[in-house]
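Participant: Quick one: sequence plus predicted model below, questions after.
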Amino acid sequence: MRRRLIILTTMLSIVLCIALFGYSVYASLNQSFSISNTIGFTPSQNVYVDLECRVSGIKQMQLEEVPDGYQSFEEYYLDKGFIHYETHSSEDKLINKPQVLNNWEIPESLVFVNEQTPIVYTIKVYNYSDMAITVRVAEYETNSEFFVNEPSSMVTIDGYVEGQEAKYATITLTTTVAKNAQGFSEKPNNFKIVMETYNA
């Protein structure tokens, strides 16, 4: 009788261990990670630019078909804020009126595809200023326990020459899930793109 009891409790312990392991694997596979964003642009005086902004590495862009109510993925991405465009005014430049750039607002939280895939913010800057400019990422989160930000290096873009194509450069911010992070939701990840005239 005692032997049967030992065998029974041993088997029960094994079943419980397997169940606990299975649950932890399931929980790990079903964790989600999301961040919220507002990206600001701060051009200095005499800086005139066009911008093409895009985010990648998010679940919301892992679609196989265009969602109902949209004609294309581009229209859907624009509506959701996953892409963003800004255009300078040549009239404002003629009268030396400072360019005002709208914030890149992403109204819904961005969901990481998984904990290994980073979210990448890519900003392509076309320089229509008369002089070279520098572009850099500023005021980004550096102390989060949930994610890690890595900005690309500052870039310099030559000034605009009338009649030629505008010079451009690309700057990025790469956001990865912190190694020891559990699932998290809507953690703020705001930052700025600073554009200044270049002083050699």
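Facilitator: That came through fine. This one's a predicted model, so the numbers in the text were calculated from it and none came from an experiment.

Participant: what about the nearest residue to Leu63 once chain neighbours are set aside, neighbour count?
Facilitator: Of all residues not flanking Leu63 in the chain, Phe73 sits nearest, at 7.3 Å (Cβ to Cβ, 6 or more residues apart in numbering). (C-beta placed from N, C-alpha, C; glycine too.) Per other Cβ atoms under 10 Å, the neighbour tally for Phe73 reads 15.

Participant: Then Ser90?
Facilitator: When neighbours are counted by other Cβ under 10 Å, Ser90 registers 9.

Participant: ok, now Thr122?
Facilitator: 16.

Participant: Over to the one 3 residues further on?
Facilitator: For Val125, the count of nearby residues is 25 (other Cβ under 10 Å).

Participant: Which positions in stretch 69-85 come out as buried?
Facilitator: For stretch 69-85, the neighbour count (16 or more other Cβ atoms under 10 Å) marks Tyr76, Tyr77, Lys80, Gly81, Phe82, Ile83, His84 as buried.

Participant: Check stretch 149-163 too.
Facilitator: Within stretch 149-163, the residues scored as buried using 16+ other Cβ under 10 Å are Asn149, Pro151, Ser152, Ile157, Tyr160.

Participant: Just the strands from the protein, written as ranges.
Facilitator: 33-43, 49-56, 83-86, 104-111, 119-127, 133-138, 147-151, 155-157, 167-177, 184-188, 191-197 (DSSP state E).

Participant: Got the confidence number for the nearest residue to Leu51 once chain neighbours are set aside?
Facilitator: Nearest residue to Leu51, sequence neighbours excluded (Cβ to Cβ, 6+ apart): Glu86, at 4.1 Å. pLDDT recorded at Glu86 is 96.
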